[in-house]
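Participant: After the sequence you'll find the predicted model.
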Amino acid sequence: MENLENNVVNNEVKENANVEAKEVKTFTQDEVDKMISKRLQRERKDIEAKIEAERKEAEELAKLSEQEKQKKLFEKQVREFEETKKAFEAERLLNETSKQLASKNLPIEFAEMLKGEDAESTFNNINVFEAKFNEALEKMVTERLRGSVPKVATVSGGITKEDFKKMSLAQQAELARKDKDLYLELSKN
């Protein structure tokens, strides 16, 4: 029971850590005790419901003949086996999805989202994702490579050759007097 309480506290601490990252919130001991007691009550209800279901099943089995008991137990084992098999198949399909994504140099983080009901639907999901992903990637690369339009070459001083050509003779003479090197560089054709 103490282990359960520790797990509950750890989970709530993790949840609270995410909240604290956004905004700092402190709790009084009373508030923490209330949160823990609520969580424990939920866990107790779940455990009690499971115990009650097992008790009812045991009562039903006690009322049945030996042959019927065996049949019910066999059906229960078949159901459990089918559930286990289904979970195994889902895990296998997830692994296969991850392998397919890796072989196509796609991010394997999308495996869970692309996993379908069966191998065929998963394969179709991967193909559609690959096409859309590569299209979006190509678009972003093209956009980044395009960049901004290069400006007209500037010479030190922040004056372009175009700006120099637009200057009046008086302004050009003033520039020649202040910065002879810049004037000579800009006046070259």
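Facilitator: Cool, the structure landed.
Participant: Quick check: the gap between Leu94 and Leu137.
Facilitator: According to C-beta to C-beta, to the nearest Å, Leu94 stands 24 Å off from Leu137. Backbone N, C-alpha and C define where each C-beta goes, glycine included.
Participant: mean confidence score for whatever helix or strand Glu120 lives in?
Facilitator: Following DSSP states H and E, one finds Glu120 within helix 119-146. Here helix 119-146 scores 90 as its mean pLDDT.
Participant: Return the distance of it from the chain's centre.
Facilitator: Chain-centre distance of helix 119-146: 17 Å, with C-alpha atoms, centre = their mean, to the nearest Å.
Participant: Stretch 26-44 now?
Facilitator: On C-alpha atoms, centre = their mean, the centre of stretch 26-44 falls 30 Å from that of its chain.
Participant: and if you look at stretch 109-126?
Facilitator: 17 Å.
Participant: how long is it end to end?
Facilitator: Distance between the boundary residues of stretch 109-126 (C-alpha to C-alpha, to the nearest Å) amounts to 12 Å.
Participant: what does stretch 100-118 give?
Facilitator: In stretch 100-118, first residue to last residue: 14 Å (C-alpha to C-alpha).
Participant: Okay, strands next: where are they in the chain?
Facilitator: Under the criterion DSSP state E, strands of the chain are mapped to 154-155, 159-160.
Participant: Pick out the shakiest of those, pLDDT-wise.
Facilitator: Taking the mean pLDDT of those, strand 154-155 comes last: a mean of 49.
Participant: Report pLDDT for Val19.
Facilitator: If you check Val19, the pLDDT there is 49.
Participant: could we number from 8 for the rest of this?
Facilitator: Okay, using 8 as the starting number, the last item reads as Val26.
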